[in-house]
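A.B. asks: mind looking at a prediction? Sequence and model below.
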Amino acid sequence: MAERGDATDAAPSPLHRILVIYVAGVLLFVALMAWAEQQGLSRQWIGPLFLFLTVMAYAAIGVYGRTTDPDEYYVAGRRVPAVYNGMAAAADWMSAASFISLAGALYLQGFAGLPHQAGGLAYLLGWTGGFCLVAMLIAPHLRAMRLYTVPDFFQVRYGGRWPRIIAALAAAACSFTYVVAQIYGVGLIASRLTGVQFEIGIMLGLGGVLLCSFLGGMRAITWTQVAQYVVMLLAFLIPVSWLAYKQLGSPVAPLVYGAQIGKIADLEARLLASPAEHDVVRAYQRRAEEFEARLADVPAAMERERAALGERIRQLRAQNADVGLIVAASRELAALPRDEATARERWTREMRENQERARPLGGLPRHSQAYGGDPDGTPEQQAEYENMRRNFLALMFCLMVGTAGLPHLLTRYYTTPSVSAARASVAWSIFFIALLYLSAPALAVLVKFEVMNNLVGSRFDALPHWMAQWARVDPALLSVEDVNGDGLLQFGEIRLGTDLIMLATPEIAGLPYAVSGLVAAGGLAAALSTADGLLLTISNALVRDLRHLDAAPGTHRASPEQRVILTKFTLLIVALAAAFVAALKPSDILPMVTASFSLAASAFVPAMVLGIFWRGTTRQGAVAGMLAGLGITVYYLLSHVASVRAWLPSALGAEGLWFGIQPISAGVFGVPLGLAVAWGVSLCTRRSLA
């Protein structure tokens, strides 16, 4: 196998030629769409063309790579050259969170973040640092064992059934959380490109996912992800380079964007002194106070709301008012909370949102500060500073350790020809990811300058058409409201969602719509590439690691080819289940993805690292450590979800935050607990066995 792999690495020139032809074809298609737009081709055609042709290209690769051979389906025959495996791993890694949401997190939260959000720089540092852990601690050792899945490691290293069962269930849990976020991104982009409903957009994109992962497994997914990475890279670099050239005269955005930070600080100072912005702040303060007053007596407030809306509807009907006004008032009445718990949860959330928007500049961080608060200020400012710094470090820790434990990412390094190729593949992954990650802060800064300099101050009746289109896709992505009633758009009156910034960058910058189509296709490629790997990981865990393991001795065991077929149909069922959950829009992309990192970090990394580097780790220690780490992480995550907390007994409900740590960073408790329990139980059981 080593000789075969060396030959593959030594002569990949046909692959290079195919890659060059493919890149040229993508660029030619974008240029053709830009030319057609100038000639009058409608945007209603450009968006669907980008969606259809890119998904068809991925599907064609999936059909070409179809296989039922177990080695090809699970690990692509272990003969993917390091550079291409690095490119595929980068595409697998550049999920909807990285491509769509990272620049938005940097835009909305700044580098260090807000009181309840840790900041975009934590994602950059955590995710990149995680690959260093993968290269040093895990990937080469796993590749040397010639396994198929991550749960395989736990059975080979520890023996018995329970380590593999727990690992398989944990892999399915963290991957399902992750894949829901990707399919949500698929629906978001597909609905924007085609104009169809969000739920239909999910099903359109899901077809592309299934044609790749269902037919060819890892073999088809690998080469599809290489193709998708090219689209992602071009979709990210073209708009940010264009913006940098437009604003600063140089297309090398990562090197020149720093000049705009000083200009943004001047614009922020001007806006902070603006009477109109102060009016907006006061309006949001009044709204926050109104919600606070409602929360003082929720049942009475609910009665007042129902009575006021009922009276308004009666008056409108008595005056023979416009039917639209009556229907709107009736919908508002129907949307009122049905019970006290729902009302309290909703009004608490809206009170906090208005309090946040009542902060200067709509609650957005100023670039002149590292963290919120002041380490030398009042006790309250010192506490805010320490809380933000603590959450920043906790999130970075969870992302870094979680990267080293994500099953779908680690499986990528089973596909290389040798251990040295696996190590080189990680290096190539970091290189390809860095090409995009170095541009994300630049994009956030350049877009913020565009918004502050060109969009703020526009008349509401002259706002760009793209704002209304995005608001129709999902009001949580974009909303504007003339809070102070002056007819002009103030910075505090703009509400942009994290998932919008990257996708709307071409329209914010006034670029041709063909570039918008390319960016959306890049976001779609990011979501599809990660969803492919995640769905394969879940189906492998449920079929190969659980069902095959549970077959009783002496009973008929399915052949490898039959397990591949069963894995395909399990993948289809999981994909439909994830699409159903994504259609409910449970959360933004970034929080869902971050939660999966905490789960992966606490479930896998302690037992995996101890198992690789300490021969004294026992099966009982591994099982206890995995259960303890995963248990505390799941508890901390779910106990801070209002709908779940309502069902928990009062003794189990988590009162407040532990050390001020946000729930998405729950892995900061799970990892050390899992490590300590695995080590302690291993010591005890070693002595008893001795």
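C.D. replies: Nice, thanks for sending it over. Numbers count the residues shown, from 1 in each chain.

A.B. asks: grab the nearest non-local neighbour of the most centrally placed residue in the chain.
C.D. replies: With distances taken as C-alpha atoms, centre = their mean, residue 97 lies nearest the centre of the chain, 2.6 Å away. Closest residue in space to residue 97, ignoring its immediate chain neighbours: residue 593 at 4.0 Å, by C-beta to C-beta, 6 or more residues apart in numbering. In short, each C-beta sits where N, CA and C put it, glycine included.

A.B. asks: how many residues are close by the one you found?
C.D. replies: Neighbourhood size, residue 593 [other C-beta atoms under 10 Å]: 26.

A.B. asks: distance of it from residue 412?
C.D. replies: Distance from residue 593 to residue 412, counting by C-beta to C-beta, to the nearest Å: 17 Å.

A.B. asks: for residue 511, helix, strand, or coil?
C.D. replies: Per DSSP: H, G, I helix; E, B strand; the rest coil, the local secondary structure of residue 511 is coil.

A.B. asks: right, and it touches residue 240 too?
C.D. replies: No: using C-beta atoms under 8 Å, residue 511 is not in contact with residue 240; the gap is 10.9 Å.

A.B. asks: pLDDT below threshold where in the stretch 301-450 of the chain?
C.D. replies: 360-376 (pLDDT under 70).

A.B. asks: show me where it has helices.
C.D. replies: Using DSSP state H, counting those that start in this stretch, the helices found in the stretch 301-450 of the chain span residues 323-334, 340-357, 379-403, 407-410, 419-437, 440-450.

A.B. asks: and these as JSON lines, adding mean neighbour count?
C.D. replies: Below are these laid out as JSON lines (neighbours: other C-beta atoms under 10 Å):
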{"stretch": "helix 323-334", "mean neighbour count": "13"}
{"stretch": "helix 340-357", "mean neighbour count": "16"}
{"stretch": "helix 379-403", "mean neighbour count": "21"}
{"stretch": "helix 407-410", "mean neighbour count": "27"}
{"stretch": "helix 419-437", "mean neighbour count": "21"}
{"stretch": "helix 440-450", "mean neighbour count": "24"}
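
A.B. asks: distance to residue 190 for those - can I get that in CSV?
C.D. replies: As requested, the helices of the stretch 301-450 of the chain are exported to CSV (distance: least, C-beta to C-beta, whole Å):
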stretch, distance to residue 190
helix 323-334, 27
helix 340-357, 28
helix 379-403, 28
helix 407-410, 22
helix 419-437, 22
helix 440-450, 22
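
A.B. asks: out of those, which comes closest to residue 22?
C.D. replies: When these are compared by C-beta to C-beta, helix 419-437 sits nearest residue 22, at 15.4 Å.

A.B. asks: helices along the stretch 51-200 of the chain, start to end?
C.D. replies: Secondary structure of the stretch 51-200 of the chain (DSSP H, counting those that start in this stretch): helices at 70-75, 82-93, 96, 102-109, 120-133, 139-144, 150-158, 162-194, 198-248.

A.B. asks: ok, now which ones touch residue 240?
C.D. replies: 253, 439, 442-443, 446, 505 (C-beta atoms under 8 Å, 6 or more residues apart in numbering).

A.B. asks: one step back: from residue 521, how far out is the residue nearest to the centre of the chain?
C.D. replies: Taking C-beta to C-beta, one finds residue 97 at 18 Å from residue 521.

A.B. asks: residue 81 too?
C.D. replies: The gap separating residue 81 from residue 521 is 26 Å, by C-beta to C-beta.

A.B. asks: who's more crowded, those two?
C.D. replies: When neighbours are counted by other C-beta under 10 Å, residue 521 comes out ahead of the other of residue 81 and residue 521, with 27 against 23.

A.B. asks: quick check: which element contains that one?
C.D. replies: Using DSSP states H and E, residue 521 sits in helix 513-540.

A.B. asks: mean pLDDT lowest for which of the helices of the stretch 51-200 of the chain?
C.D. replies: Mean pLDDT per stretch puts helix 96 lowest among the helices of the stretch 51-200 of the chain, at a mean of 73.

A.B. asks: tell me which of the helices of the stretch 301-450 of the chain lies nearest to residue 110.
C.D. replies: Evaluated with C-beta to C-beta, the helices of the stretch 301-450 of the chain place helix 440-450 nearest to residue 110, the distance being 8.7 Å.

A.B. asks: other residues contacting that closest one?
C.D. replies: Here helix 440-450 makes contact (C-beta under 8 Å, 6+ apart) with 102-104, 106-107, 111, 120-121, 124, 236, 239-240, 243-244, 247, 253-254, 257, 260-261, 263-264, 267, 367, 501-502, 505, 508-509.

A.B. asks: ok, now stretch 127-137?
C.D. replies: Applying C-beta under 8 Å, 6+ apart, the contact partners of stretch 127-137 are 93, 98, 396, 399-404, 409-410, 413, 423, 426-427, 429-430, 433-434, 437, 609, 612-613.

A.B. asks: what about the helix or strand that contains residue 595, average pLDDT?
C.D. replies: Residue 595 is part of helix 589-613 when elements are defined by DSSP H and E. The average pLDDT within helix 589-613 is 87.

A.B. asks: residue 658: neighbouring residues, count only.
C.D. replies: Residue 658: 13 surrounding residues under other C-beta under 10 Å.

A.B. asks: right, and it touches residue 633 too?
C.D. replies: No: the pair residue 658 and residue 633 does not pass the contact test of C-beta under 8 Å, sitting 11.9 Å apart.

A.B. asks: what is in contact with those two at once?
C.D. replies: What both residue 658 and residue 633 touch, as defined by C-beta under 8 Å, 6+ apart, is the set residue 669.

A.B. asks: wait, residue 675 touches residue 626, no?
C.D. replies: No: Residue 675 is not in contact with residue 626 according to C-beta under 8 Å; the separation is 10.8 Å.

A.B. asks: what do those two both touch?
C.D. replies: With contacts taken as C-beta under 8 Å, 6+ apart, the residues that reach both residue 675 and residue 626 are residue 606.

A.B. asks: neighbour count winner among these two?
C.D. replies: Neighbour count, other C-beta under 10 Å: between residue 675 and residue 626, residue 626 has more, with 27 against 19.

A.B. asks: can you pull the pLDDT of the more buried one?
C.D. replies: In this model, residue 626 is scored at 95, pLDDT.

A.B. asks: so which bits of the helix or strand hosting it are buried?
C.D. replies: According to DSSP H and E, residue 626 maps onto helix 619-638. Buried residues in helix 619-638, counting neighbours by 16 or more other C-beta atoms under 10 Å, are found at 619-630, 632-638.

A.B. asks: show residues contacting stretch 44-58.
C.D. replies: Under C-beta under 8 Å, 6+ apart, the answer for stretch 44-58 is 29, 33, 36-37, 189-190, 192-195, 204-205, 207-208, 211-212, 224, 227-228, 231, 513-514, 516-518, 520-521, 524-525, 528.

A.B. asks: ok, 7 Å please
C.D. replies: 33, 37, 190, 193-195, 208, 212, 224, 227-228, 231, 513-514, 517-518, 520-521, 524-525, 528 (C-beta atoms under 7 Å, 6 or more residues apart in numbering).

A.B. asks: now the helix holding residue 521: how far from the chain's centre is it?
C.D. replies: Remark: helix 513-540 is offset 11 Å from the chain centroid, using C-alpha atoms, centre = their mean, to the nearest Å.
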